[in-house]
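> Sequence below, structure please.
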Amino acid sequence: MLTLYVRTNCPFSAMALKKLEDLNLEFEEKNVADEGVVDELIALGGKKQEPFLVDSETGKSMYESDAITEYLQEQYGSKDTV
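Here you go, the predicted structure:
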């Protein structure tokens, strides 16, 4: 299961969301504006920074939209999808 922690109107969060949608991946979106989500994010990643991806299938978690989009492409994209 993929979980993406995002912030409303954050261009970096939007970039990660777009990649998930472009790859037609199922994921859970958690917005830090919702009650308790910030605490959950900090407990998992150690800091309040968005976006933050958790991939429970591979055990990977990461910050940074560029790293997230690259990981998703490598892990779940076809070789001819850019």
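
> Quickly note the distance from Asp66 to Asp39.
26 Å (Cβ to Cβ, to the nearest Å). No exception for glycine: its C-beta is placed from N, CA and C like everyone else's.

> Show me the contact partners of stretch 20-40.
1-8, 17, 41, 48, 50, 72-73, 76-77, 81 (Cβ atoms under 8 Å, 6 or more residues apart in numbering).

> Give me the subset of these that lies in helices.
Mapping the contacts of stretch 20-40 onto helices (DSSP state H) picks out 17, 41, 72-73, 76.

> which residues in the chain form strands?
Here the chain has its strands, by DSSP state E, at 2-6, 27-31, 52-55, 60-63.

> Just give the number of residues close to the residue nearest to Leu53 when sequence neighbours are not counted.
Counting by Cβ to Cβ, 6 or more residues apart in numbering, Ile68 is the residue found nearest to Leu53 once chain neighbours are left out, at 4.7 Å. Residue neighbour count, defined by other Cβ atoms under 10 Å, stands at 26 for Ile68.

> Glu57 now?
Around Glu57 there are 9 residues (other Cβ under 10 Å).

> Asp34 versus the nearest residue to it once chain neighbours are set aside, what's the distance?
Leaving aside its sequence neighbours, Glu57 sits nearest to Met1 (Cβ to Cβ, 6+ apart; 6.8 Å). Plainly put, Met1 is 18 Å away from Asp34 if you go by Cβ to Cβ.

> Next: Glu40.
Distance from Glu40 to Asp34, by Cβ to Cβ: 10 Å.

> Same drill for those two, tell me which one is more crowded.
Higher neighbour count among Glu40 and Asp34: Glu40, with 15 against 10, using other Cβ under 10 Å.

> ok, that one to Gln75 distance?
Distance of Glu40 to Gln75, given as Cβ to Cβ: 23 Å.

> Equivalent analysis for Leu44, please.
19 Å.

> Cheers, nothing more for now.
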